[in-house]
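In: Okay, structure incoming, though there's no sequence with it:
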């Protein structure tokens, strides 16, 4: 006979206290917010809970990026709070990032009084409908007694299947009301494994492959399957390529690593994907960037697609074998295949092609961006964690820096500007023992740089490297490609980021040579205090592969 289920004692508490009780059950230790009067009872309940730290940001967009970066790093749900329509709109960029990046996040939004709904009350927005398109699930809690049901469901939805953001709307009159509440256990993430016939189908496809290739995505990281991926690849000698901005999914210095499918991917790496006969995509939704505008996979190539979400498989490409499974469970199950393929020579050749593309050799002819990669490769420990903003400056990081350990990279596949520095605060809270470096351009950094004061206030020692070329460089590059010499809207003014850093209590440095950058980085690492290193860069070197002059000359031909 089954043992009787132990009844959980009920408690009388307010809706706000019920939410905090669920946060404790789910193991939440950090909550990010901009405070608002619409959810004061929730803030008050958090004040009385010593085990949960509230990080109050300067802008809701920054708070949501912090929560998203924290979630990516800790592999636990990020929690962010804001007030009604205005705060909700500000943080929506972080919700969209979490949605496209498959990051678990629970968003609590204060809502206008229930009696005022439908009257265009102060800051009223129909929040559950507003976020419906960019969240996994949205809900408004109208009765305090439903807090356990709906909020625990929110955490379960955020973490299970393909992870993502859930938005919970909280009318201000509901939060202080009391009700009898009975809570369930913390959410448990299902870990489905492939069926035996699915394993046989994969075995059949790989047995016929001359040149197989693994494309590993964020699902591998979410499932903590990095070691399983390494063991699987080594067992069968299959080369591994990282999906867009999942650099740390496989050690970049390993003989089986063959590159990263990102923006401006080197032709050597694209050639590897083009030559592969069978593609084994694990934990990736095969996004626009990863698939190079959906042109990566040709009809003659076979696709094995493994993902935790049924909806992801076949969304872009119809697979020859589609398997709904946890990445780690799938990789462990697939190690039992009997394969006699000899792919070591293929893997060695493509790894060599990757090495040629990513060789980090610098000379006086190279711009300072490349020199900073060399300095950081030499000075930083292997466990240093990078975040980056959107922008061309990231091309040097993606092309030349070797990520050798897991949990060393956090970047927005959504391409959100302003992401890098706030996400670094979240990552540093998840990994306080690691050096955390945020890379930004001057355009993106200015969008959320107010969160540098948040870093100082809460003593979160991140190092922010700002590549300052006084322009929106990526957009300028596209202007020059499509409308050469017709520059509009992309030039920016001169800003001293060193002085701005000092004004909020952070350390500030300026570098315009490899030597001054190395000295600044050494000092920032030694001081362990929030810091900004402003790197003065030349507008002409607009990308890793081209100058503005070269782009213009190509357009004239």
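Out: Perfect, thanks for sending it. Predicted, not measured: the structure shown is a model, and the values here were computed from it.

In: where do the helices sit along the stretch 1-150 of the chain?
Out: In the stretch 1-150 of the chain, the segments counted as helices under DSSP state H, counting those that start in this stretch are 15-25, 40-47, 60-74, 84-101, 127-130, 147-159.

In: between those, which one is nearest to residue 313?
Out: helix 84-101 (17.5 Å; C-beta to C-beta). Using the backbone N, CA and C atoms, a C-beta is placed for each residue, glycine as well.

In: give me every residue that touches residue 221.
Out: Counting by C-beta atoms under 8 Å, 6 or more residues apart in numbering, residue 221 makes contact with 75, 246, 248, 249, 283, 406.

In: Just give me the neighbour total for the fourth one.
Out: Under the neighbour criterion other C-beta atoms under 10 Å, residue 249 is assigned a count of 31.

In: ok, it touching residue 219?
Out: No. Applying C-beta atoms under 8 Å as the test, residue 249 and residue 219 come out as separate, 9.4 Å apart.

In: What distance do you get for residue 131 to residue 478?
Out: Using C-beta to C-beta, to the nearest Å, one obtains 30 Å as the distance from residue 131 to residue 478.

In: typo on my end, it should be residue 514
Out: 29 Å.

In: So these two - more neighbours on which side?
Out: Taking other C-beta under 10 Å, residue 514 and residue 478 do not tie; residue 514 has more neighbours (17 against 13).

In: What about the closest residue to that one other than its chain neighbours, how many residues nearby?
Out: Closest residue to residue 514 apart from its sequence neighbours, by C-beta to C-beta, 6 or more residues apart in numbering: residue 371 at 4.0 Å. For residue 371, the count of nearby residues is 21 (other C-beta under 10 Å).

In: For residue 371, pull up the helix or strand it's in.
Out: Assessed by DSSP states H and E, residue 371 sits inside helix 368-379.

In: Show me which positions of that helix end up buried.
Out: Going by neighbour count (16 or more other C-beta atoms under 10 Å), the buried part of helix 368-379 is 368, 369, 370, 371, 372, 373, 374, 375, 376.

In: Repeat that for stretch 271-288.
Out: 272-273, 276-287.

In: which residues in the stretch 401-550 of the chain form helices?
Out: Counting by DSSP H, counting those that start in this stretch, the helices of the stretch 401-550 of the chain are 420-430, 442-448, 451-457, 473-482, 497-503, 514-527, 548-556.

In: I'd assumed residue 135 was in contact with residue 167.
Out: Yes. Counting by C-beta under 8 Å, residue 167 touches residue 135, with 4.8 Å between them.

In: list the residues that contact both of these two?
Out: With C-beta under 8 Å, 6+ apart, residue 167 and residue 135 have common neighbours 95, 107.

In: Kindly state the domain boundaries assigned to the chain.
Out: Following automatic domain parsing, the chain resolves into domains at 11-181, 196-357, 360-556.

In: most neighbours per residue, which of these?
Out: domain 11-181 (a mean of 22; mean count of other C-beta atoms under 10 Å).

In: Can you give the distance of that domain from its chain's centre?
Out: The chain centre lies 20 Å from the centre of domain 11-181; the measure is C-alpha atoms, centre = their mean, to the nearest Å.

In: Quick check: which ranges of the protein have low pLDDT?
Out: Where the chain drops to pLDDT under 70, the residues are 1-8.

In: Relative to residue 121, how far out is the spatially closest residue to residue 70 that is not a sequence neighbour?
Out: Ranked by C-beta to C-beta, 6+ apart and with sequence neighbours excluded, the top spatial neighbour of residue 70 is residue 426, at 3.2 Å. The gap separating residue 426 from residue 121 is 32 Å, by C-beta to C-beta.

In: now do residue 313
Out: Shown here: residue 313 relative to residue 121, a distance of 43 Å by C-beta to C-beta.

In: And for residue 510?
Out: As judged by C-beta to C-beta, residue 510 and residue 121 stand 49 Å apart.

In: Check residue 358 too.
Out: Taking C-beta to C-beta, one finds residue 358 at 55 Å from residue 121.

In: likewise residue 531?
Out: As judged by C-beta to C-beta, residue 531 and residue 121 stand 44 Å apart.

In: Residue 469 now?
Out: Taken as C-beta to C-beta, the span from residue 469 to residue 121 is 45 Å.

In: Repeat that for residue 466.
Out: In terms of C-beta to C-beta, residue 466 sits 41 Å off from residue 121.

In: Check residue 529 too.
Out: In terms of C-beta to C-beta, residue 529 sits 44 Å off from residue 121.

In: repeat for residue 449
Out: From residue 449 to residue 121 the distance is 33 Å (C-beta to C-beta).

In: try residue 325
Out: According to C-beta to C-beta, residue 325 stands 47 Å off from residue 121.

In: go on, residue 424?
Out: Going from residue 424 to residue 121 by C-beta to C-beta gives 37 Å.

In: Then residue 396?
Out: Using C-beta to C-beta, we find residue 396 at a distance of 49 Å from residue 121.

In: about what we covered before: settle this for me: the residue nearest to residue 514 is touching residue 515, isn't it.
Out: No. Here residue 371 does not reach residue 515: they are 9.2 Å apart, not a contact under C-beta under 8 Å.

In: Can you tell me what sits against stretch 37-50?
Out: 14-17, 19-20, 23-24, 31, 33, 35, 52, 54, 81, 83-84, 108-112, 123, 170, 172, 175-176.

In: list the contacts for the residue lying closest to residue 509 once chain neighbours are set aside?
Out: Among residues not flanking residue 509 along the chain, residue 520 sits closest, at 3.6 Å (C-beta to C-beta, 6+ apart). Shown in contact with residue 520 (C-beta under 8 Å, 6+ apart): 509, 510, 511, 533.

In: ok so, going back, can I get the domains of the chain in TSV with distance to residue 187?
Out: Converted to TSV, the domains of the chain look like this (distance: least, C-beta to C-beta, whole Å):
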stretch	distance to residue 187
domain 11-181	4
domain 196-357	14
domain 360-556	19
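
In: How about the contacts made by the residue nearest to residue 74 when sequence neighbours are not counted?
Out: Excluding the flanking residues, the one nearest residue 74 by C-beta to C-beta, 6+ apart is residue 430, at 3.9 Å. Contact partners of residue 430, counting by C-beta under 8 Å, 6+ apart, are 70, 73, 74.

In: let's go with 10 Å and repeat that
Out: For residue 430, the contact set (C-beta atoms under 10 Å, 6 or more residues apart in numbering) comprises 29-30, 69-76, 78, 385, 407, 410, 436.
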